[in-house]
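K.L.:
structure for this input, please:
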Amino acid sequence: MMVRPSDPQERQFQESNTTKNVSRDGIYFVSQIESYYEGMRLFVAVPHHSPPDPQDREYVGQVARVEKLGEGQWGIAVQFLSGLRSK
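P.N.:
Next up, the predicted model:
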């Protein structure tokens, strides 16, 4: 998956990561980036391939939960709000 903030006012980053849990309503992943917070809006590409694949989809999501896991890692739960487009 690929994640990036949807709000241009946010600190901009792009993170490529592996999901730990996926449902049709959202995803959960572990990150070392501390910038995530509850309510943060994101663009989430699931699955994500480089170069892009026709099955790649990008969704608007909102961070529902941030868990401090220790050792510089954070558990991030994201709820999908809507589908955007094929990548």
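
K.L.:
for the rest of this, base every contact and every neighbour count on C-alpha atoms.
P.N.:
Noted.

K.L.:
and the residue most central in space within the chain, what is it in contact with?
P.N.:
With distances taken as CA atoms, centre = their mean, the residue of the chain nearest its centroid is V3 (4.0 Å). Shown in contact with V3 (CA atoms under 8 Å, 6 or more residues apart in numbering): 14-17, 42-45.

K.L.:
10 Å - rerun?
P.N.:
For V3, the contacting residues are 13-17, 42-46, 48, 58-61, by CA atoms under 10 Å, 6 or more residues apart in numbering.

K.L.:
which residues does it bridge with?
P.N.:
E15, V44 (DSSP bridges).

K.L.:
do the same with V63
P.N.:
Residues found in beta-bridge contact with V63 (criterion: DSSP bridges) are V78.

K.L.:
what about it, distance to V46?
P.N.:
When distance is defined by CA to CA, to the nearest Å, V63 is 15 Å away from V46.

K.L.:
just how off-centre is the worst-scoring helix or strand of the chain on mean pLDDT within its chain?
P.N.:
When each helix and strand of the chain is scored by mean pLDDT, DSSP states H and E, strand 73-86 comes last, with a mean of 81. Centre-to-centre, strand 73-86 and its host chain are 5 Å apart (CA atoms, centre = their mean, to the nearest Å).

K.L.:
check which helices and strands that strand sits against.
P.N.:
strand 19-23, strand 26-31, strand 41-46, strand 57-70 (3 or more CA pairs under 10 Å, 6 or more residues apart in numbering; DSSP states H and E).

K.L.:
just list the residues touching R4, thanks.
P.N.:
10-16, 41-45, 60.

K.L.:
cheers, nothing more for now.
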